[in-house]
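Enquirer: based on what follows, work out the 3D shape:
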Amino acid sequence: MTGKLSVVVSVDEARLKDFPAVLRDMVEAGLHVENQMAMVGTVSGSIDDARTLNRLRRVKGVAHVERCRHFQIAPPNADVQ
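Expert: The predicted structure follows:
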């Protein structure tokens, strides 16, 4: 699979106090950070390829990595197809 993949990463609640260190380790594993919400322990961003998913999942303090899905619907006044 090629192209950037959007992901959302959840930090383990027990490691929230170490959020900056966990974030640094995620970046080293290949995450391009777009948004970080330390209070809730969530980081959104992108990765270069699917192989990086496994590296992110192995970062100490990462609870879950989820690929984002993108959907597009027609504008309200568009013809139904």
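Enquirer: any low-confidence regions in the chain?
Expert: 1-2, 80-81 (pLDDT under 70).
Enquirer: hey, where'd the strands end up in it?
Expert: 5-11, 32-37, 42-47, 62-67 (DSSP state E).
Enquirer: ok, which of those comes nearest residue 20?
Expert: strand 32-37 (9.4 Å; C-beta to C-beta). Placement of C-beta: from N, CA and C, glycine included.
Enquirer: which strands or helices does the longest helix seen in the chain pack on?
Expert: Counting residues, the longest helix found in the chain (DSSP state H) is helix 19-29. Applying 3 or more C-beta pairs under 8 Å, 6 or more residues apart in numbering; DSSP states H and E, one finds that helix 19-29 makes contact with strand 5-11, strand 32-37, helix 51-57.
Enquirer: how many other residues sit next to residue 49?
Expert: 12 (other C-beta atoms under 10 Å).
Enquirer: and the residue nearest to residue 55 when sequence neighbours are not counted, how many residues sit next to it?
Expert: Spatial nearest neighbour of residue 55, chain neighbours left out: residue 29 (4.2 Å); criterion: C-beta to C-beta, 6 or more residues apart in numbering. Neighbour count for residue 29, taken as other C-beta under 10 Å: 19.
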